[in-house]
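>>> A structural model of the following input is requested.
(chains A and B)
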Amino acid sequence: NAGVMQNPRHLVRRRGQEARLRCSPMKGHSHVYWYRQLPEEGLKFMVYLQKENIIDESGMPKERFSAEFPKEGPSILRIQQVVRGDSAAYFCASSPRGPYEQYFGPGTRLTVT
Amino acid sequence: AQKVTQAQTEISVVEKEDVTLDCVYETRDTTYYLFWYKQPPSGELVFLIRRNSFDEQNEISGRYSWNFQKSTSSFNFTITASQVVDSAVYFCALSEDGDDKIIFGKGTRLHILP
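Next comes the predicted model:
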């Protein structure tokens, strides 16, 4: 059973471009969570999704950030018009039943130049 | 409000020494989960342990042990006979029952010196 997959592992974008981060949950997992880790910080919750639904987006910045988890395919975290402050590691986690059993992916390291 | 505090930002010990990483948490819930994760230099997040609030038994796994004390809201992690491969950032984390997220501490960077 493959683990949580994230791609790309590293992403470089210039200021103003769009960044798309993908997360494929473990097989059978219908809960997906996105976290952001700024340099020298812990992970901070961004959003929780189930198939086709955003359940909790209390940690998402109000502008430029969006997330989806379609019926088919991976979950996508989209950052529009990236700025230097968006440079961070973005981790996805999946769960079969709830937040207390989250399996983390390897993360995507976004660098904005 | 839920909060996790890891007061030790960085620790260095010589190989084979024992080291304890401190974690103090705040929550109003009676049902919650505590976690420890390891983040090696490669950057991925490695799950170490999950403990629910009703299970105060200490846990030992090889050279790792965890001391959960509700009276002091602490969930400390000890590595016995440390090895260079233990060098990493270690995160303590909390999730309240019914909440959607895991709250992470800022991490403790552990250096094991040969």
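
>>> OK, contacts around residue 108?
No chain in the question, so chain A it is. A:6, A:7, A:8, A:9, A:10, A:11, A:21, A:89, A:90, A:91 (Cβ atoms under 8 Å, 6 or more residues apart in numbering or on different chains). Bear in mind the C-beta positions are built from the backbone N, C-alpha and C, glycine included.

>>> sorry, I should have been clearer: chain B.
Counting by Cβ under 8 Å, 6+ apart, residue B:108 touches B:6, B:8, B:9, B:10, B:11, B:21, B:22, B:89, B:90.

>>> kindly report the residues of chain B close to chain A.
For chain B, the contact set with chain A under Cβ under 8 Å from any Cβ of the partner chain comprises B:4, B:33, B:37, B:43-45, B:47, B:50, B:52, B:91, B:93, B:95, B:97, B:99-107.

>>> try 10 Å
Applying Cβ under 10 Å from any Cβ of the partner chain, one finds that chain B approaches chain A through B:4, B:6, B:9, B:31-35, B:37, B:39, B:42-47, B:50, B:52, B:89, B:91-93, B:95-107, B:109.

>>> of those, buried ones?
B:4, B:6, B:32-35, B:37, B:39, B:44-45, B:50, B:89, B:91-93, B:95-96, B:99-107, B:109 (16 or more other Cβ atoms under 10 Å in any protein chain shown).

>>> in JSON lines: the contacts of residue B:108, plus pLDDT and secondary structure.
Output for the contacts of residue B:108, formatted as JSON lines (pLDDT from 0 to 100; DSSP: H, G, I helix; E, B strand; the rest coil):
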{"residue": "B:6", "pLDDT": "97", "secondary structure": "coil"}
{"residue": "B:8", "pLDDT": "97", "secondary structure": "coil"}
{"residue": "B:9", "pLDDT": "95", "secondary structure": "coil"}
{"residue": "B:10", "pLDDT": "97", "secondary structure": "strand"}
{"residue": "B:11", "pLDDT": "97", "secondary structure": "strand"}
{"residue": "B:21", "pLDDT": "98", "secondary structure": "strand"}
{"residue": "B:22", "pLDDT": "98", "secondary structure": "coil"}
{"residue": "B:89", "pLDDT": "96", "secondary structure": "strand"}
{"residue": "B:90", "pLDDT": "97", "secondary structure": "strand"}
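
>>> in the chain, which helix or strand is least confident?
Unless you meant another one, I'm taking chain A. Here the helix or strand of chain A ranked lowest by mean pLDDT, DSSP states H and E is strand A:103-104, holding a mean of 91.

>>> you answered for a different chain; I wanted chain B.
strand B:59-61 (a mean of 89).

>>> paired strands for it, with orientation please.
Take DSSP bridges as the rule and strand B:59-61 pairs in its sheet with strand B:64-69 (antiparallel).

>>> list the buried residues of the strand it pairs with.
Those buried within strand B:64-69 under the rule 16+ other Cβ under 10 Å are B:64, B:65, B:66, B:67, B:68.

>>> and of those residues, the nearest to chain A?
Minimum distance to chain A across the buried residues of strand B:64-69 is 15.2 Å, recorded for residue B:68 (Cβ to the nearest Cβ).
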